[in-house]
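Student: Quick one, what's the 3D model for this:
(2 chains)
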There are 2 protein chains.
Amino acid sequence: MKNKFFQYIQQLQDTITSKLEEVDGSVKFKEDVWERPEGGGGRTRVIENGAVFEKGGVNISEVHGPLPLAMQQYFKVGEVDFFACGLSLVLHPKNPMVPTVHANWRYFEMYDKSGSVIDSWFGGGQDLTPYYLFDEDAIHFHEICKKACDAHHPDFYAEYKQKCDEYFWNSHRDEARGIGGLFFDYCKTSEEMSMEDWFNFVSEVGNSFLASYVPITEKRKELPYSKEQRDWQEIRRGRYVEFNLVHDKGTLFGLKTNGRIESILMSLPPHVQWVYDHYPEAGSEEERLLEVLAHPKDWV
Amino acid sequence: MKNKFFQYIQQLQDTITSKLEEVDGSVKFKEDVWERPEGGGGRTRVIENGAVFEKGGVNISEVHGPLPLAMQQYFKVGEVDFFACGLSLVLHPKNPMVPTVHANWRYFEMYDKSGSVIDSWFGGGQDLTPYYLFDEDAIHFHEICKKACDAHHPDFYAEYKQKCDEYFWNSHRDEARGIGGLFFDYCKTSEEMSMEDWFNFVSEVGNSFLASYVPITEKRKELPYSKEQRDWQEIRRGRYVEFNLVHDKGTLFGLKTNGRIESILMSLPPHVQWVYDHYPEAGSEEERLLEVLAHPKDWV
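Tutor: From the prediction side, this is the model:
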């Protein structure tokens, strides 16, 4: 399974970066291949200062070796070996009318001393962070998420949509990071789902990514915007930074287990503002966004 | 003592904000008085878009009541009442030749059920974060810190300078946030120091703040700078954000104990950049700064 999923994400990275380069039309991804001293490494692809994408990364990694101490404590296990691989992407568009998107799909294995697998699971999800809310875009994104889920289990969409709203919650601001999507973790063999079934589910979700995001980007990337709207985007990007650095388990994990800093923090937006005690005008589009973020909605 | 120190920081806030308004010359601090539902409150003073200070805050707070659960766990105590008051300041100048500065001086008391004080201590410090390193400025800042320490104990400067270098360490970047200053905590009654002695020490340090920072600001605030130098400042401000949101105990504490978010996060810089895998040119002033941050120096 580990080879199968790793092959899958390598191919998916190619598919996604090719399509995004086509959407951007002006710049290409820059590739950095890196090695992890303790075992494994990754292929980071970053796009910067494009016509559409101001900054973004589509990264894969495959790491293995003795489970780092912080992760032993987190998973409540002793000294075991592990394997983990996954694809992570974040795209920060230049135009505030185009939403930021994040996705991550991953597979994890742990081994006993003899090298036998003692545990394995899939995890991942994707979520959308608009600066200006077009209801039809939020509906489109969630419809694609639902379709991928529905092909595998009737309960998955409702369950993982709810988990996404819970996970991407900026508790110190009492608001969601964005309008959600899917979030699933510890997807293990059960009566209903074999690991093969989980692979089929996760790869269906991964394969649906471009269909969920690219049409929104195409529809909004040429819209005009003012300096005030750009400022609003940069202020909201500040909330994105706050979530990633204060609450996001994946980011903190990476920072505390000697991950490759530049690959982890490529998720941070290019230009960001913090304005003291900023509130949008009553009745504005900006205020409407905040209301939706404070009370996550059902979009489909 | 609590009334004495609270009176002191109220007066110190006035002294500091008046002087900084004079240094800025173009804008005034905006004051927000707030109340904490569980007891106490604060007086936040924020300056934005000044000629010298792009963003900054000089805040005092006095909070009391039952010790929040997160703090009970942190201090390893049961259900007790507490009192805490302090002054916190952060100044982000516009000109990259002027360093960012942070300071905090605080006093803490805990009480048993009968209302008797069971523990009390002072804490605080100040530190400087330059974007371009003028050795004479770093020396001046540390000399003023040392002079305030030396008036109270021959070991304080060496000890608290060292603690400052250790505390303001961005471990995930393997570099210091800035060029340090002082950091002290849990300053309690001992054979050598009564609480009265500690008050005299902490207030001497607080009183020395303007002498440590204002001459540097006056000397650098009119220096010309390029767009590239401004970009460098904004990239380095990203490291400041990373420290405050990932490592700073005070910030995380505030966010997790229902503090006033806007007063806590006024410490975040106004305009910030994250550029993927950015390194300064070999032999540049920017690279010289990084070398000093990777290997904290003795300045006096």
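Student: Just the pLDDT at the nearest residue to residue A:111 once chain neighbours are set aside, thanks.
Tutor: Distances taken as C-beta to C-beta, 6 or more residues apart in numbering or on different chains place residue A:81 nearest to residue A:111, at 4.5 Å, with adjacent residues excluded. Just so you know, the C-beta spots here come from the backbone N, C-alpha and C atoms, and that holds for glycine as well. pLDDT for residue A:81: 94.
Student: Next up, phi/psi of residue A:81, please.
Tutor: Taking degrees, to the nearest 10, you get phi -90, psi 160 for the backbone angles of residue A:81.
Student: ok, it to residue A:108 distance?
Tutor: Look at residue A:81 and residue A:108: by C-beta to C-beta, to the nearest Å, they are 12 Å apart.
Student: which of these two has more neighbours?
Tutor: For residue A:81 versus residue A:108, the count of surrounding residues by other C-beta atoms under 10 Å in any protein chain shown is larger for residue A:108: 20 against 16.
Student: Run through the residues that contact the more buried one.
Tutor: Listed by C-beta atoms under 8 Å, 6 or more residues apart in numbering or on different chains, the contact partners of residue A:108 are A:82, A:83, A:84, A:119, A:120, A:121, A:122, A:123.
Student: Just name the closest of the residues you listed to chain B, please.
Tutor: Closest approach between the contacts of residue A:108 and chain B, by C-beta to the nearest C-beta: residue A:84, at 19.1 Å.
Student: Give me the neighbour count for that closest one.
Tutor: For residue A:84, the neighbour count with other C-beta under 10 Å is 18.
Student: is it fair to say it lies in a helix?
Tutor: No - the assignment for residue A:84, made by DSSP: H, G, I helix; E, B strand; the rest coil, is strand rather than a helix.
Student: Enumerate every residue touching it.
Tutor: Going by C-beta under 8 Å, 6+ apart, residue A:84 touches A:61, A:62, A:63, A:64, A:106, A:107, A:108, A:109.
Student: Cross-reference those residues with the helices and report the matches.
Tutor: Among the contacts of residue A:84, DSSP state H puts none in helices.
Student: Residue B:269 versus the closest residue to chain B within the stretch 51-200 of chain A, what's the distance?
Tutor: At 4.2 Å from chain B, residue A:172 is the closest residue in the stretch 51-200 of chain A, using C-beta to the nearest C-beta. Per C-beta to C-beta, residue A:172 is found 18 Å from residue B:269.
Student: hang on, the earlier thing: residue contacts, the residue nearest to residue A:111?
Tutor: Contacts of residue A:81 (C-beta under 8 Å, 6+ apart): A:64, A:65, A:66, A:67, A:110, A:111, A:115.
Student: in the sheet, who's paired with it?
Tutor: residue A:66, residue A:111 (DSSP bridges).
Student: where does the stretch 201-300 of chain A have low pLDDT?
Tutor: A:257 (pLDDT under 70).
Student: Can you name the residues of it sitting close to chain B?
Tutor: For the stretch 201-300 of chain A, the residues in contact with chain B (C-beta under 8 Å from any C-beta of the partner chain) are A:234, A:238, A:241-242, A:245-246, A:252, A:255-256, A:261-262, A:265-266, A:268-277.
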